[in-house]
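Chemist: no sequence for this one, just the structure:
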């Protein structure tokens, strides 16, 4: 976490206050869209019902995601406005720990927003940011929403698409890519499409994937493949829905 | 519903599309704030979990709210940015059916936003809009957040505060006013403070209160008092939380 807000890290509402501050900052910089703000609110509600903590199944998903990243030929982290506003440094840290590319990829794509987001990521330590060339298309989507870089998401074997819209998550899955999704709603199409759905707040989930990637850095291919094979996506989604519906008391997974 | 969006009313996503359109319009007009957009998203998530319908306990709450309005000496409908953006005509209709005043009352108060909201309500049929004088204070709140009209909310015996923040809902309750809240989160402080918590989407709830008010217009004081006395707020909150946690299958109330 950066020192951008004057609140001690042990403050009970620290995460909520940091989130609020980063989102407001994102609005000022033209990074966060109207739809992004509404999506942030939806996430807050689901996080509230989850108990605002990383549940055990989400931690297992984060570990499986880290193993996928380390096994990948060409992993890419897809970044939209909310991701850039909320976790710019955390995206850069994960890319550094796994050798992943960073690509800006927007639902509501405008040249200005792509540029503002790329600039914001660079201010937070990114060296290379893809997504500005947009010289390839994801099949099955309308023109503007399909744009990706030929040497980025189009070429990737593993893609992390945090906070992604369902249509695009499905279209990427249909291209045969291994898709890792971070989404607080376990019933969403994005979460249901993913090879690895991480049902967790992105502020907790992204650093957690990085931590697991560093922890697994010395592991053999066999060990990583075992972690990937053992991860049960349906069980993870069920555990998250149970927690959401029944509250913290139901954490008997 | 107005004819502002080109979508048939029987479209399965009609309500969601109308909401989206009105909110975007509210942003353009300077009515909807950043925090209002995030709050809208939180509401969407809770509504999704409720099944996007008026549950039986919320309908009973709407009927009790209508009875309170008809029994009141001076009922007032408090209107913030999201309420104005989402249901301007519905606010005017409820005021007409019950003789209630309409008062603009904002958490993030600026003269421009109060004026923009009052103008928007007048465009949708309101004749008198209070909240621009702001010559009285709700005790127990900081200066800006406490401002109300002396002949409006300050004087009211029954106040409808839809989508209100918890602090202000509590402070109004402590002034001895009968408080009716519309909030999709049955666990929120606003809902828990209210004499009548209506756990429902404001797009459904507000016309529903108006419908009940018209239906009860010829009732005696005794009949209205019986409806008020029979309403059980704790049972309503419990039913809403059960529905939220357990989903549509749990509608055994």
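Modeler: Received, thanks. The model shown is predicted, which means the values in this text are computed figures rather than measured ones.

Chemist: could you use CA atoms for every contact and neighbour count after this?
Modeler: Fine.

Chemist: secondary structure element holding the nearest residue to residue A:132 once chain neighbours are set aside?
Modeler: Nearest in space to residue A:132, with sequence neighbours left out and distances taken as CA to CA, 6 or more residues apart in numbering or on different chains, is residue A:114 at 6.8 Å. Assignment of secondary structure by DSSP states H and E places residue A:114 within helix A:111-123.

Chemist: for residue A:103, same thing?
Modeler: strand A:101-104.

Chemist: which residue ranges form the helices in the stretch 1-150 of chain A?
Modeler: Shown for the stretch 1-150 of chain A, the helices assigned by DSSP state H, counting those that start in this stretch span residues A:14-28, A:34-50, A:56-71, A:81-86, A:88-98, A:111-123, A:143-146.

Chemist: need these in CSV (columns: mean neighbour count).
Modeler: CSV is the format used below for the helices of the stretch 1-150 of chain A (neighbours: other CA atoms under 10 Å in any protein chain shown):
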stretch, mean neighbour count
helix A:14-28, 17
helix A:34-50, 22
helix A:56-71, 25
helix A:81-86, 25
helix A:88-98, 21
helix A:111-123, 18
helix A:143-146, 15
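
Chemist: could I get these as a markdown table with mean pLDDT?
Modeler: Putting the helices of the stretch 1-150 of chain A into a markdown table (pLDDT from 0 to 100) gives the following:
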| stretch | mean pLDDT |
| --- | --- |
| helix A:14-28 | 84 |
| helix A:34-50 | 89 |
| helix A:56-71 | 98 |
| helix A:81-86 | 94 |
| helix A:88-98 | 97 |
| helix A:111-123 | 95 |
| helix A:143-146 | 80 |
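
Chemist: dump those helices to CSV, plus distance to residue A:215.
Modeler: As requested, the helices of the stretch 1-150 of chain A are arranged in CSV below (distance: least, CA to CA, whole Å):
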stretch, distance to residue A:215
helix A:14-28, 24
helix A:34-50, 26
helix A:56-71, 9
helix A:81-86, 24
helix A:88-98, 10
helix A:111-123, 25
helix A:143-146, 35
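
Chemist: quick check: which of these is nearest to residue B:55?
Modeler: Put simply, out of the helices of the stretch 1-150 of chain A the one that sits nearest residue B:55 is helix A:34-50, at 19.5 Å, with distance taken as CA to CA.

Chemist: what's across from the residue nearest to the spatial centre of chain A in the sheet?
Modeler: Central residue check for chain A by CA atoms, centre = their mean: the C-alpha nearest the mean position is that of residue A:162, 2.5 Å away. Beta bridges link residue A:162 to residue A:182 when assigned by DSSP bridges.

Chemist: before we move on, the earlier item: ok now the helix holding residue A:114, how far from the chain's centre?
Modeler: When C-alpha coordinates are averaged (CA atoms, centre = their mean, to the nearest Å), helix A:111-123 and its chain have centres 18 Å apart.

Chemist: relative orientation of it and helix A:88-98 in degrees?
Modeler: Calculated by axes from the mean of the first three to the mean of the last three CA atoms, to 10 degrees, helix A:111-123 forms an angle of 70 degrees with helix A:88-98.

Chemist: just how off-centre is the helix or strand where residue A:242 lies within its chain?
Modeler: Element membership for residue A:242 (DSSP H and E) is helix A:233-246. Averaging C-alpha coordinates over helix A:233-246 and over its chain gives two centres that are 19 Å apart (CA atoms, centre = their mean).

Chemist: mean confidence for that helix?
Modeler: pLDDT averaged over helix A:233-246 equals 91, rounded to a whole number.

Chemist: show me what it is packed against.
Modeler: For helix A:233-246, the elements it packs on are helix A:34-50, helix A:56-71, strand A:196-198, helix B:233-246, judged by 3 or more CA pairs under 8 Å, 6 or more residues apart in numbering or on different chains; DSSP states H and E.

Chemist: out of those, the one nearest residue A:87 is which?
Modeler: Judged by CA to CA, the one of those that comes nearest to residue A:87 is helix A:34-50, at 13.0 Å.

Chemist: tell me what angle the closest one forms with helix B:233-246.
Modeler: Relative orientation of helix A:34-50 versus helix B:233-246 (the same axes, to 10 degrees): 100 degrees.

Chemist: and the angle for helix A:34-50 with helix B:14-28?
Modeler: Computed with the same axes, to 10 degrees, the direction of helix A:34-50 lies at 120 degrees from that of helix B:14-28.

Chemist: any part of helix A:34-50 near chain B?
Modeler: Yes. Using CA under 8 Å from any CA of the partner chain, helix A:34-50 comes into contact with chain B via A:34, A:37, A:38, A:39, A:40, A:41, A:42, A:43, A:44, A:45, A:46.

Chemist: and for stretch A:77-93?
Modeler: No. With CA under 8 Å from any CA as the threshold, stretch A:77-93 lies outside contact range of chain B, at a closest distance of 12.2 Å.

Chemist: try stretch A:95-108
Modeler: No. With CA under 8 Å from any CA as the threshold, stretch A:95-108 lies outside contact range of chain B, at a closest distance of 14.1 Å.

Chemist: now do the end-to-end distance for that stretch.
Modeler: The distance separating the two terminal residues of stretch A:95-108, taken as CA to CA, to the nearest Å, comes to 24 Å.

Chemist: over to stretch A:177-196?
Modeler: Taking CA to CA, the span from the opening residue of stretch A:177-196 to its closing residue is 12 Å.

Chemist: for the residue lying closest to residue A:44 once chain neighbours are set aside, list the residues it contacts.
Modeler: Residue nearest to residue A:44 in three dimensions, not counting chain neighbours: residue B:42, with 6.3 Å by CA to CA, 6+ apart. Residue B:42 sits next to A:38, A:40, A:41, A:42, A:43, A:44, A:45 when contact means CA atoms under 8 Å, 6 or more residues apart in numbering or on different chains.

Chemist: how about the residues of chain A near chain B?
Modeler: Residues of chain A found near chain B, taking CA under 8 Å from any CA as the criterion, are A:24, A:34, A:37-46, A:244-247.

Chemist: closest to residue B:72 out of the helices of the stretch 1-150 of chain A?
Modeler: Closest of the helices of the stretch 1-150 of chain A to residue B:72 is helix A:34-50, at 34.3 Å (criterion: CA to CA).

Chemist: so how far is residue A:52 from the closest residue to residue A:8 other than its chain neighbours?
Modeler: Nearest in space to residue A:8, with sequence neighbours left out and distances taken as CA to CA, 6+ apart, is residue A:14 at 7.1 Å. Applying CA to CA, one obtains 12 Å for the distance of residue A:14 from residue A:52.

Chemist: swap in residue A:58?
Modeler: Here the distance between residue A:58 and residue A:52 works out to 12 Å (CA to CA).

Chemist: same thing with residue A:207?
Modeler: To residue A:52, residue A:207 is 15 Å away according to CA to CA.

Chemist: OK, contacts around residue A:37?
Modeler: Residue A:37 makes contact with A:23, A:82, B:34, B:37, B:38, B:41 under the criterion CA under 8 Å, 6+ apart.

Chemist: what ranges do the strands span in the stretch 151-253 of chain A?
Modeler: Listed in chain order, the strands of the stretch 151-253 of chain A (DSSP state E, counting those that start in this stretch) span residues A:158-162, A:178-182, A:196-198.

Chemist: deepest-packed of those strands, please.
Modeler: Sort the strands of the stretch 151-253 of chain A by mean neighbour count, taking mean count of other CA atoms under 10 Å in any protein chain shown, and strand A:196-198 sits at the top with a mean of 32.
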